[in-house]
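S.K.: for reference, the sequence and a predicted model appear below.
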Amino acid sequence: MDKIYYLASCDTCRKIIKSLPKDHNLKFHDIKQDPITVAELEQMRELSGSYEALFSKKAQLYKSMDLKNKSLTEDDYKKYILEHYTFLSRPVFIIKGKIYIGNTQQNMHQVMLAFANV
């Protein structure tokens with residue numbers, strides 16, 4: 001099943017969700033209401049190649065915890081993502097076994113193409 005991991009309180013996520021084709025068949029997963037599991041994060045890592053690819057360096061906590069001045073390992077990225085939803089770069093789409101991470105214009109274009117090919 002195709003899925004989107006998002007944050008319901010995020011304006012950008014809400015805007016992206018409104019722009020999706022009406023006939024999509026996505027399962028919605030609000031990461032604040034229903035934290036991601038280790039198994040879900042493992043699946044995302046397998047598809048993306050690393051935990052770092054899933055990690056948001058734009059998060060307020062990233063700045064307030066001064067993480068930019070630390071050398072983070074893959075285990076650190078995993079730990080932080082599991083500890084607090086804000087560290088997951090959002091939204092994360094899994095469509096037909098492919099992962100799309102973040103809200104860049106290029107990424108969203110790829111998501112729309114993936115829907116067109118469904």
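M.R.: Sure thing, it's come through.
S.K.: over to the spatially most central residue of the chain: give its phi and psi.
M.R.: Closest to where the C-alpha atoms of the chain average out (CA atoms, centre = their mean) is Val92, at 3.0 Å. Summarising the backbone geometry of Val92 under the convention degrees, to the nearest 10, its torsions are phi -120, psi 120.
S.K.: would you check that it makes contact with Asn103?
M.R.: No - shown here, Val92 and Asn103 do not form a contact pair, counting by CB atoms under 8 Å, at 10.2 Å. Placement of C-beta: from N, CA and C, glycine included.
S.K.: other residues contacting stretch 87-98?
M.R.: Stretch 87-98 is contacted from outside by 2-7, 10, 12-13, 16-17, 26, 31, 36, 43-44, 47, 53-56, 58-59, 61-62, 77, 80-81, 99-103, 111, 114-115, 117-118, using CB atoms under 8 Å, 6 or more residues apart in numbering.
S.K.: which parts of that stretch are buried?
M.R.: When burial is assessed from 16 or more other CB atoms under 10 Å, stretch 87-98 yields the following buried residues: Phe87, Leu88, Ser89, Arg90, Pro91, Val92, Phe93, Ile94, Ile95.
S.K.: kindly format the C-alpha coordinates of it as CSV.
M.R.: Output for stretch 87-98, consisting of C-alpha atoms alone and laid out as CSV, is shown next (Å, rounded to 0.1, in the frame of the first residue of the first chain):
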residue,chain,number,x,y,z
PHE,A,87,13.5,15.1,13.0
LEU,A,88,11.8,13.2,10.1
SER,A,89,12.1,15.2,6.9
ARG,A,90,8.5,15.6,5.7
PRO,A,91,6.5,14.5,3.9
VAL,A,92,7.7,11.1,3.1
PHE,A,93,5.9,9.3,0.3
ILE,A,94,6.3,5.6,-0.4
ILE,A,95,4.7,4.9,-3.8
LYS,A,96,5.0,1.6,-5.6
GLY,A,97,8.1,0.7,-3.5
LYS,A,98,9.9,4.0,-4.1
